[in-house]
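S.K.: Sequence and predicted structure below; questions after.
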Amino acid sequence: MKPDRIDLDLTRQEPIPEAGVQAALALMASGKLHRYGETGGALSEVSALEAEFARELGVRYCVALNSCGAAMFVALRAAGVKPGDAVLSNCFTLAPVPGAIAHAGARPVLIDVTDDYTIDLDDLDRKASSSGAKTLLLSHMRGHIADMAALHTICQRHGVQLIEDCAHTMGAGWAGRATGTWGRAGCFSLQSYKHANAGEGGLLATDDEDIAAQAILLSGSYMLYRAHGARPADEVFERWKYQTPNFSMRMSNLAAAIARPQFGAVLADRCRRWNERYAWMAAALADAPHLRLPHRPPQEQFVASSIQFSLVGVSRAQTEQVIATCARGGVHIKWFGADEPVGFTSAWTHWRYFGEPQQLPNAERVLAGLCDMRLPLTLTRADCEALCRVIRDALRELPL
């Protein structure tokens, strides 16, 4: 049976809130797109965004950068990671995470993945002991959150500092504590397809005054660091301003103006609606043959802006067949088991700049069948049901 073809754009976004549109128009009319001005008293749009996001997350400091990848690199550098240092990181992630480690001149020690797509805590425990690494760059990949209390205990036992990649977990948490607040710094994304859409942008959140001061200087503040809305005291900058390079990774006022109206009640409503769509999809796929959805414990307060599932009990050729059949039906699924990187999707075996490939036996099996789809808020319940029909029909063509 061939699936009916549907026509849905899984990259389609909701409009920018009107307040963001008007703020952007006002900025363009003024020409004041750079976040710093050498004279004048008012804080910039970027400075206001930093202060507002810090309050919303409940941290002391926030630094806005031009991408989440830049925020991760800056966080590693400000946390003291030096060229040649070993940095622990989960293998199931996207290219900006190993890219940030490479940007810092460090070498990754990759941690295996569980069947539920989170970092393997037993493998983390082993490699934190054996590698000598003192930093973990943890990716909450595609919004899947590990047992953060257990992870925190492992890091403390081995003297490992934690930096969180929260590109997919803005508004999410574990057991009532927000992601991005478990370690020394949390890094968030404002890229389109994420929880707040500024096109591109990153936010580094921290309670550590030395990380915050260095991050501001590293981002490219020159000596205009007093123009930040969520910054440490001047004496902290005195410790760092003569030895910290300027990497020119600032956020523009335009990106900040677009992003500012997308927090608070707007973000909370988006989180609710994303999880609603995830529930529709999960229910429709729950008993599909050869398909496994991850277990999500009650402590995991996730925000499901995408859905992942595994094809199990099928060969590689059959997996390719399902993905091709779905594509002909108008459902384009990202597959982490592909031989070559495609679009935004790559796997640890593709990052050859690391040198010798690392052995990750569970990842080889899990990623071989791991499928990934965005869930834009523009999808209706009928859209979600149509997507699932195409997937289920493709799976029914396989032998039981």
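M.R.: Now that the structure is in, tell me what you want to look at.

S.K.: So which residues of the stretch 301-400 of the chain form helices?
M.R.: Defined through DSSP state H, counting those that start in this stretch, the helices belonging to the stretch 301-400 of the chain, from first to last, are 316-328, 361-368, 381-396.

S.K.: just checking, what packs against the last one?
M.R.: By that I understand helix 381-396. Taking 3 or more C-beta pairs under 8 Å, 6 or more residues apart in numbering; DSSP states H and E as the contact definition, the neighbouring helices and strands of helix 381-396 are helix 265-285, helix 316-328. Every residue, glycine included, has its C-beta placed from N, CA and C.

S.K.: returning to that earlier point: just put the helices of the stretch 301-400 of the chain in a markdown table and tack on mean pLDDT.
M.R.: Conversion of these to a markdown table gives the following (pLDDT from 0 to 100):
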| stretch | mean pLDDT |
| --- | --- |
| helix 316-328 | 95 |
| helix 361-368 | 93 |
| helix 381-396 | 96 |
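
S.K.: pLDDT below threshold where in the protein?
M.R.: Within the chain, the stretches with pLDDT under 70 are 1-4, 38-41, 400.

S.K.: tell me the domain boundaries of it?
M.R.: Domain ranges of the chain: 18-262, 265-396, per automatic domain parsing.

S.K.: Turn the helices and strands packed on helix 381-396 into a markdown table, columns for mean neighbour count.
M.R.: Conversion of the helices and strands packed on helix 381-396 to a markdown table gives the following (neighbours: other C-beta atoms under 10 Å):
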| stretch | mean neighbour count |
| --- | --- |
| helix 265-285 | 17 |
| helix 316-328 | 16 |
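
S.K.: which stretches of the stretch 151-300 of the chain form strands?
M.R.: 161-165, 173-174, 177-178, 185-189, 202-206, 291-292, 300-301 (DSSP state E, counting those that start in this stretch).

S.K.: so which of those gets nearest V312?
M.R.: Shortest separation from V312 across these is recorded for strand 291-292, at 5.0 Å, computed as C-beta to C-beta.

S.K.: quick revisit: and the helices and strands packed on helix 381-396: which comes nearest A149?
M.R.: It's helix 265-285; of those, that one is closest to A149 (C-beta to C-beta) at 21.8 Å.

S.K.: Against which helices or strands is that closest one packed?
M.R.: Packed against helix 265-285, as judged by 3+ C-beta pairs under 8 Å, 6+ apart, are the following elements: strand 306-311, helix 381-396.

S.K.: how about JSON lines for the ones you listed, with mean neighbour count and distance to F188 added?
M.R.: JSON lines is the format used below for the helices and strands packed on helix 265-285 (neighbours: other C-beta atoms under 10 Å; distance: least, C-beta to C-beta, whole Å):
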{"stretch": "strand 306-311", "mean neighbour count": "22", "distance to F188": "16"}
{"stretch": "helix 381-396", "mean neighbour count": "19", "distance to F188": "26"}
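
S.K.: Reformat these as TSV; add distance to R55.
M.R.: Putting these into TSV (distance: least, C-beta to C-beta, whole Å) gives the following:
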stretch	distance to R55
strand 306-311	28
helix 381-396	34
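
S.K.: Which one of those lies nearest to A368?
M.R.: Between A368 and the helices and strands packed on helix 265-285, the tightest spacing by C-beta to C-beta is seen for strand 306-311, at 8.6 Å.

S.K.: Let's see the closest one as CSV, backbone CA atoms only.
M.R.: What follows is strand 306-311 as a C-alpha-only set of coordinates in CSV (Å, rounded to 0.1, in the frame of the first residue of the first chain):
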residue,chain,number,x,y,z
SER,A,306,11.0,17.9,17.6
ILE,A,307,10.3,14.1,17.8
GLN,A,308,12.7,11.2,17.6
PHE,A,309,12.1,7.5,17.2
SER,A,310,14.1,4.4,16.5
LEU,A,311,13.4,1.8,13.8
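
S.K.: What are the contacting residues of stretch 67-82?
M.R.: Stretch 67-82 is touched from outside by 63, 65, 87, 96-97, 99-101, 103-106, 135, 137, 161, 163, 165, 167, 184-185, 187-191, 200-204, 206, 210-211, 214-215, 218-219, 247, 249, with contacts defined as C-beta atoms under 8 Å, 6 or more residues apart in numbering.

S.K.: ok so, going back, among the domains of the chain, which is nearest R12?
M.R.: Counting by C-beta to C-beta, and looking across all of the domains of the chain, nearest comes domain 265-396 at 4.7 Å.

S.K.: quick one, which of the domains of the chain is packed in tightest?
M.R.: Mean neighbour counts were taken over the domains of the chain using mean count of other C-beta atoms under 10 Å, and the top value, a mean of 21, falls to domain 18-262.

S.K.: For that one, measure first residue to last.
M.R.: Domain 18-262 has an end-to-end distance of 10 Å (C-alpha to C-alpha, to the nearest Å).

S.K.: Repeat that for stretch 236-254.
M.R.: 29 Å.

S.K.: what comes into contact with that stretch?
M.R.: Contacts made with stretch 236-254 from outside it, assessed by C-beta under 8 Å, 6+ apart, are listed as 24, 27-28, 32-36, 44-46, 49, 64-67, 70, 74, 201-202, 209-210, 212-214, 216-223, 225.

S.K.: and the gap between the most centrally placed residue in the chain and S305?
M.R.: Nearest to the geometric centre of the chain sits A167, at 2.0 Å (C-alpha atoms, centre = their mean). Computed with C-beta to C-beta, to the nearest Å, the distance linking A167 and S305 is 10 Å.

S.K.: Can you check which residues contact both of the two?
M.R.: Residues within reach of A167 and of S305 at once, by C-beta under 8 Å, 6+ apart, are K194.

S.K.: now D9, what's its secondary structure?
M.R.: Secondary structure assignment for D9 (DSSP: H, G, I helix; E, B strand; the rest coil): coil.

S.K.: Count residues in the vicinity of it, would you?
M.R.: 12 (other C-beta atoms under 10 Å).

S.K.: Can you give me every residue that contacts it?
M.R.: Contact partners of D9, counting by C-beta under 8 Å, 6+ apart, are P376, T378.

S.K.: circling back to that earlier point, would you turn the strands of the stretch 151-300 of the chain into CSV with distance to G337?
M.R.: Below are the strands of the stretch 151-300 of the chain laid out as CSV (distance: least, C-beta to C-beta, whole Å):
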stretch, distance to G337
strand 161-165, 22
strand 173-174, 28
strand 177-178, 32
strand 185-189, 25
strand 202-206, 29
strand 291-292, 14
strand 300-301, 25
